[in-house]
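1. Please find the sequence and the predicted model below.
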Amino acid sequence: MKNCSILHLKIMNNLRKIPSVDLILQHDSLKRIAEEVDPEKVTTLIREVLQDTRKRVSNGETPPQIETIVERIIEI
């Protein structure tokens, strides 16, 4: 039981490391894209990628750096 609690705490801590939508929107690459494309579409893409990222981290993956998340968004 103790191991489950430790694992849960580790996952929760890793989830906290995932950057927010607002922080990602401040990234230079996405600022430019949001200016060229509909900003709401960019925000929606960010939310989708973050949802997938949260699932992956909940399943034990290491939280990615913001640059990796931005790359995933740009690839879509």
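-> Thanks, I have the structure now. Given the structure is predicted, the values throughout are model-derived calculations rather than measurements.
2. buried sites along stretch 18-38?
-> For stretch 18-38, a neighbour-count test (16 or more other Cβ atoms under 10 Å) marks 18, 19, 24, 27, 30, 33, 34 as buried. Placement of C-beta: from N, CA and C, glycine included.
3. In helices only, show me those residues.
-> Judged by DSSP state H, the subset of the buried residues of stretch 18-38 located in helices is 24, 30, 33, 34.
4. Residue 40 sits in which helix or strand?
-> Using DSSP states H and E, residue 40 sits in helix 39-58.
5. what's the nearest residue to residue 34 if we skip its chain neighbours?
-> Take residue 34 and drop its neighbours on the chain: the residue closest to it by Cβ to Cβ, 6 or more residues apart in numbering is residue 42, 4.4 Å away.
6. Can you verify my assumption that the one you found contacts residue 33?
-> Yes - assessed by Cβ atoms under 8 Å, residue 42 is found in contact with residue 33 at 5.9 Å.
7. so where is the protein shaky, pLDDT-wise?
-> Residue ranges of the chain with pLDDT under 70: 1-4.
8. Report the central residue of it.
-> residue 50 (3.6 Å; Cα atoms, centre = their mean).
9. tell me the contacts of that residue?
-> Going by Cβ atoms under 8 Å, 6 or more residues apart in numbering, residue 50 touches 18, 21, 24, 69.
10. Switch the residues you listed over to a markdown table; also include distance to residue 5.
-> As requested, those are arranged in a markdown table below (distance: Cβ to Cβ, whole Å):
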| residue | distance to residue 5 |
| --- | --- |
| 18 | 21 |
| 21 | 30 |
| 24 | 31 |
| 69 | 28 |
